[in-house]
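**Q** What would the 3D arrangement of this be:
(one chain, ligands or ions: 1)
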Amino acid sequence: MEQVWKDRENLNKNEIAKLEKDGLAIIDELPQLAKKSFEDIAWDDVERLKWAGIYAQRPKNGLFLIRIKLPSGQLNSKQAKVIAQLAKQYGKNEIQITIRQCIQIHNITLADAIAIRKAIAEVGLTSVGGCGDVPRNILGNPLMGIDPEELFDTSNLVNEAVEFLTGNPEYSNLPRKFKLSISANPHDVGFAGINDCAFVPAVKTSHGETVDGFHVYVGGGLSRDPHLAVKLDFFVKPEETLDFIKTVITIFRDYGFREKRTHCRLKHLVDAWGKEKLQEEILKAMPDLEKGGRDYARKWTYGRFHGFHKQKQDGLYYAGLNVISGMMSADALEQVALLSEKYGDGQLRTTNSQCLLVINLPKEHLKDFEKACPLSLKPDYLRGYGASCTGNKYCNFAPIDTKYYLKALYDYLGERHDFKAPFRINVTGCTHQCAHAAIADLGLVGGKMKKNGVMVDAFTLSIGGALGKEAQFGYTLKGRYSFEEVQKIADLLIADFLTHKASTESYAH
Ligand code: SF4
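**A** Numbers count the residues shown, from 1 in each chain. Okay, the predicted model is just below:
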């Protein structure tokens, strides 16, 4: 690969480290690294571990997390049982479903990571590209193939892209991570607005014939500089999807910024170039791309699927199970996997709302399944719709315990109000926004502030964020607030809203 950026000036230190040694090289070096104490592992090697999906966790004392990729949330019971077994053996019986449909095991050593990687490979899974400046886990419709509302089945397209991108040395040195989303579901379950490149369903009629395909959004992302993705003018046919991905990712690789680390995502290139220039570049590689078409979009459903729902296959249902903040025990995952075998065909899915689905359940087994399931299918309108990031239990960036505060808000607000519709509270530990505060009804970003001379946990607040057809980031309130103040503000906002809202009005619109 010609590294067209390597002679640029002012490359940041991550770029210099990547030019010295490719991130993927770490995979072969794992056995050697595992013999060293954490203090003896060089900073750039700790960084490169991300390419293997391994992340140094808080506090930096030699323990790591491993992120297992599940493209579009695909998971079978054999894989789930292996993951559960590994989490019991190495990860304190705990697993985390992430906002990109991956599963993490925490509290592991590098020697454990080697064993885990070997065991998951035997059931067709990998952690390669779970983190790092590479294409990340492909987000998608967790219902693909069974979704009565999807425009078409995206399974083959997702799996083709996974095959092409995973561990591909052509794309192992991007300016930053690259987040791809592919979904043909009309309810924006792929969260198009906050991905680097997102395919959403669209139809086009020409010469009396209607063709199914995609519209594409680019340059979305949250973090400290949130951008809603920009919609391109193209109509991409399903068979053009992989070429389109290759084209966008190659442009990002070759022209993306590599100077200031906080200014390297695709969103910054899209900002600098503008949509027209980007489209011109894409057309150089794909001159036959068509334009136009109509969105196939309906109301955003927050990526939530609680309860039983009919599939497109006659007589079969899927079950949407709630996992609060994505944290569950390995025992519970194993139990759900066994139930999926007993009552279905052993197929599960993870969602980007950090929940779990069991699919292909015949109608006659639904009651028994629900009775035996360790997770709720009918969470309330608070607990079924909020999110929190890893927080200061494991994350080096986190100044606060996000999960504690989310639960405290659930308890406080749940006692005071009668919620008759989802109210989405997202508590994220820092401005990286892993828990998507900017698209929540009430978003909290954690920090610290001085109050009466002492440092206390503090929050910035945003309200009214959403994705889908009416995507907008939440309105950010001025200042920082203590948790007691957050409770009072939330209380007042909700009371006012519930009093004055129109019958069909959601919190965002
Ligand atoms: Fe860590 Fe910040 Fe992400 Fe939370 S939002 S997991 S604190 S990086």
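**Q** so where's the longest helix in this structure?
**A** helix 483-500 (DSSP state H).
**Q** Give me the residues contacting it.
**A** 405, 408-409, 412-413, 416-418, 423, 425, 442, 444, 457, 459, 461, 463, 477, 481, 507 (Cβ atoms under 8 Å, 6 or more residues apart in numbering). For the C-beta atoms, the positions are set from N, CA and C on the backbone; glycine is no exception.
**Q** Buried ones among those residues?
**A** 405, 409, 412-413, 417, 423, 425, 442, 444, 457, 459, 461, 463, 481, 507 (16 or more other Cβ atoms under 10 Å).
**Q** Can you tell me which residues in the stretch 251-400 of the chain are near the ligand?
**A** Residues of the stretch 251-400 of the chain lying close to the ligand by Cβ under 6 Å from any ligand atom are 389-390, 395, 397-398.
**Q** what helix or strand is residue 153 on?
**A** Of the helices and strands defined by DSSP states H and E, none includes residue 153.
**Q** From the ligand, how far out is it?
**A** 33 Å (Cβ to the nearest ligand atom, to the nearest Å).
**Q** any idea what sits nearest that residue, other than its immediate chain neighbours?
**A** residue 145 (4.9 Å; Cβ to Cβ, 6 or more residues apart in numbering).
**Q** repeat for residue 436
**A** residue 426 (5.2 Å).
**Q** Tell me the bridge partners for the one you found.
**A** Residue 426 forms beta bridges with residue 387, residue 443, as assigned by DSSP bridges.
**Q** So it sits against residue 444, correct?
**A** Yes. With contact taken as Cβ atoms under 8 Å, residue 426 and residue 444 are classed as touching, separated by 7.2 Å.
**Q** any shared contact partners between those two?
**A** Counting by Cβ under 8 Å, 6+ apart, the common neighbours of residue 426 and residue 444 are residue 437.
**Q** Check residue 24 and give its pLDDT.
**A** Note for residue 24: predicted pLDDT of 97.
**Q** neighbours around it, how many?
**A** Residue 24 has 19 neighbouring residues, counting by other Cβ atoms under 10 Å.
**Q** Please shift the residue numbers so they start at 663 in all later answers.
**A** Will do, 663 is the new start, and the previous item becomes residue 686.
**Q** Tell me if I am right that it is in a helix.
**A** Yes. Secondary structure of residue 686 (DSSP: H, G, I helix; E, B strand; the rest coil): part of a helix.
**Q** Which neighbouring elements make contact with the helix or strand harbouring residue 912?
**A** Applying DSSP H and E as the criterion places residue 912 in helix 903-917. Secondary-structure packing of helix 903-917 (3 or more Cβ pairs under 8 Å, 6 or more residues apart in numbering; DSSP states H and E): helix 817-827, strand 859-868, strand 871-880, helix 928-935, helix 937-947.
**Q** Turn the ones you listed into TSV, columns for mean neighbour count.
**A** TSV is the format used below for these (neighbours: other Cβ atoms under 10 Å):
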stretch	mean neighbour count
helix 817-827	18
strand 859-868	21
strand 871-880	20
helix 928-935	20
helix 937-947	14
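**Q** Switch these over to a markdown table; also include distance to residue 914 and mean pLDDT.
**A** Listed next are these as a markdown table, based on distance: least, Cβ to Cβ, whole Å; pLDDT from 0 to 100:
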| stretch | distance to residue 914 | mean pLDDT |
| --- | --- | --- |
| helix 817-827 | 12 | 98 |
| strand 859-868 | 8 | 96 |
| strand 871-880 | 9 | 97 |
| helix 928-935 | 5 | 97 |
| helix 937-947 | 10 | 98 |
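**Q** could those go into JSON lines alongside distance to residue 689?
**A** Compiled in JSON lines, the helices and strands packed on helix 903-917 are given as follows (distance: least, Cβ to Cβ, whole Å):
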{"stretch": "helix 817-827", "distance to residue 689": "16"}
{"stretch": "strand 859-868", "distance to residue 689": "25"}
{"stretch": "strand 871-880", "distance to residue 689": "30"}
{"stretch": "helix 928-935", "distance to residue 689": "25"}
{"stretch": "helix 937-947", "distance to residue 689": "30"}
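**Q** Between these, which one is closest to residue 704.
**A** Nearest to residue 704 among the helices and strands packed on helix 903-917 is helix 817-827; the distance by Cβ to Cβ comes to 27.5 Å.
**Q** Other residues contacting the host helix or strand of residue 766?
**A** Element membership of residue 766 [criterion: DSSP H and E] is strand 765-770. The set of residues external to strand 765-770 that reach it, using Cβ under 8 Å, 6+ apart, is 719, 725-730, 732, 737, 745, 748-749, 752-754, 756-760, 778, 1012, 1056.
**Q** In three-state terms, label the residue minimising distance to the centre of the chain for me.
**A** For the chain, residue 762 is the residue whose C-alpha lies nearest the centre (Cα atoms, centre = their mean; 2.4 Å). Each residue gets one of three states, and residue 762 gets coil by three-state DSSP.
**Q** wait, isn't it in contact with residue 843?
**A** No. If you go by Cβ under 8 Å, residue 762 and residue 843 don't touch, sitting 9.2 Å apart.
**Q** Common neighbours of these two, please.
**A** residue 801.
**Q** before we move on, the earlier item: from the buried ones among the contacts of helix 1145-1162, pick the one nearest residue 937.
**A** residue 1125 (29.0 Å).
**Q** so who does the closest one touch?
**A** 1103-1105, 1136-1137, 1139, 1155, 1169.
**Q** If we use 10 Å, what do you get?
**A** For residue 1125, the contact set (Cβ atoms under 10 Å, 6 or more residues apart in numbering) comprises 1102-1105, 1136-1139, 1151-1152, 1155, 1159, 1169-1170.
**Q** Return the members of the residues you listed classed as buried.
**A** Using 16+ other Cβ under 10 Å, the buried members of those are 1102-1105, 1136, 1138, 1151-1152, 1155, 1159, 1169-1170.
**Q** follow-up on the earlier one: pLDDT check: weakest of the buried ones among the contacts of helix 1145-1162?
**A** Comparing these by pLDDT, residue 1169 comes last, at 58.
**Q** What does the pLDDT read for the one residue in the stretch 663-812 of the chain that gets nearest to the ligand?
**A** Residue nearest to the ligand within the stretch 663-812 of the chain: residue 720 (8.6 Å; Cβ to the nearest ligand atom). At residue 720, the model reports a pLDDT of 82.
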